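Asker: I'll drop the sequence and a predicted model, then ask my questions.
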Amino acid sequence: MIYKLNDKVATREAFGAAILKFGGKFKNVIVLDADLASSLKTQKFAQIYPERYLNFGIAESNMVTAAAGMAIRGKVPFACSFAIFATGRAWEFIRNAVCYPNLNVKIVGSHAGVLTGEDGATHQALEDIAIMRAIPNMKVICPADANEAYLAVEEIIKDFGPTYLRLGRASLPVIYDSSHKFKIGYADILTFGEDICIFATGPLVHSCLEAAKKLKERDIHTTVVNISTIKPLDEKLVIDCAKKCKIIVTAEDHQITGGLGSAVMEVLSENYPKQVHRIGMEKFGESGKPEDLYKKYGLDAEGVYSRLSEWLTN
């Protein structure tokens, strides 16, 4: 654990630090870049382990296919690019060359969500969770903060199989201290309350924690659950929380169709039918400062608080 509580650090920064450390520890790790080493923070790995670093240029499909070949030879390749290109441009190759044969390839997509900010709608991946979790054998991980992202890298290396790691561009407050343990397939309850349960992922975990504090001032108690592994989903925890809370909400920097909200509703519809309210995107994003976009689309703490207050009164 390398970041202090409330420090503002981007999950992509943590990825760069983690791949340097654990890539040094595990000699079969290889980093593949799509000419985005500065954005994915893999420059130091490239400098220290040049024999295990390859820059494919703006050619994600080629990069993923090469990663598949490396996995067949026993390597653990991390194929890195912006989320919109790592998942969108290379989707067919991820499906057919990686997931169909169930190869040990790790796809890393940074700059996901409208939090990407000024890069605008074309670069703000809002569909990546949906298209990745739809593929058999693929795991989908979206860390809540830099410390969790750091821990996730080591677990992803140790775990076998295709994995998508979703990262962000903007720096956000660290919410986890050194006691946090990350394990693929398990969610984490951060606050307890029986009035509302919010299943959140990625940057929205922080927004929901802040909204929960405001609700507590009104004597409204909220369970905030960090769903950092969207696939495989911690189904038991989702069902247990739904049984204990009056109102169920999901929150994500992603389209509300196909992402975390859909995953939660699928589980509850089959096991414990209950209404689910979703916070997320229902359109393309736009260019702007991350904080301004979060405010406009109701993804900041105030926006989440407002939506929760509305559902509480209805």
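Answerer: Everything's here; your move.
Asker: now the strands for the stretch 101-250 of the chain?
Answerer: Under the criterion DSSP state E, counting those that start in this stretch, the stretch 101-250 of the chain contains strands at 106-110, 139-141, 163-166, 172-173, 188-191, 196-200, 222-226, 229-231, 247-255.
Asker: pipe the ones you listed into a markdown table and attach mean neighbour count and distance to A212 per row.
Answerer: Every C-beta, even on glycine, is put in place using the N, C-alpha and C of the backbone. Formatted as a markdown table, these follow (neighbours: other CB atoms under 10 Å; distance: least, CB to CB, whole Å):
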| stretch | mean neighbour count | distance to A212 |
| --- | --- | --- |
| strand 106-110 | 28 | 28 |
| strand 139-141 | 25 | 23 |
| strand 163-166 | 27 | 23 |
| strand 172-173 | 18 | 15 |
| strand 188-191 | 17 | 5 |
| strand 196-200 | 29 | 7 |
| strand 222-226 | 25 | 4 |
| strand 229-231 | 24 | 21 |
| strand 247-255 | 26 | 11 |
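Asker: can I get the ones you listed in JSON lines with mean pLDDT and distance to F15?
Answerer: Listed next are the strands of the stretch 101-250 of the chain as JSON lines, based on pLDDT from 0 to 100; distance: least, CB to CB, whole Å:
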{"stretch": "strand 106-110", "mean pLDDT": "98", "distance to F15": "7"}
{"stretch": "strand 139-141", "mean pLDDT": "98", "distance to F15": "11"}
{"stretch": "strand 163-166", "mean pLDDT": "98", "distance to F15": "7"}
{"stretch": "strand 172-173", "mean pLDDT": "95", "distance to F15": "14"}
{"stretch": "strand 188-191", "mean pLDDT": "97", "distance to F15": "19"}
{"stretch": "strand 196-200", "mean pLDDT": "98", "distance to F15": "20"}
{"stretch": "strand 222-226", "mean pLDDT": "98", "distance to F15": "18"}
{"stretch": "strand 229-231", "mean pLDDT": "98", "distance to F15": "16"}
{"stretch": "strand 247-255", "mean pLDDT": "98", "distance to F15": "17"}
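Asker: just put those strands in TSV and tack on distance to D33.
Answerer: As requested, these are exported to TSV (distance: least, CB to CB, whole Å):
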stretch	distance to D33
strand 106-110	10
strand 139-141	20
strand 163-166	14
strand 172-173	24
strand 188-191	31
strand 196-200	30
strand 222-226	29
strand 229-231	25
strand 247-255	24
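Asker: nearest to P77, out of those strands?
Answerer: strand 106-110 (6.8 Å; CB to CB).
Asker: run through who's touching that closest one.
Answerer: Applying CB atoms under 8 Å, 6 or more residues apart in numbering, the contact partners of strand 106-110 are 12, 15, 36, 39-40, 64, 76-84, 86-87, 90, 94, 98, 125, 128, 132, 156-157, 162-169.
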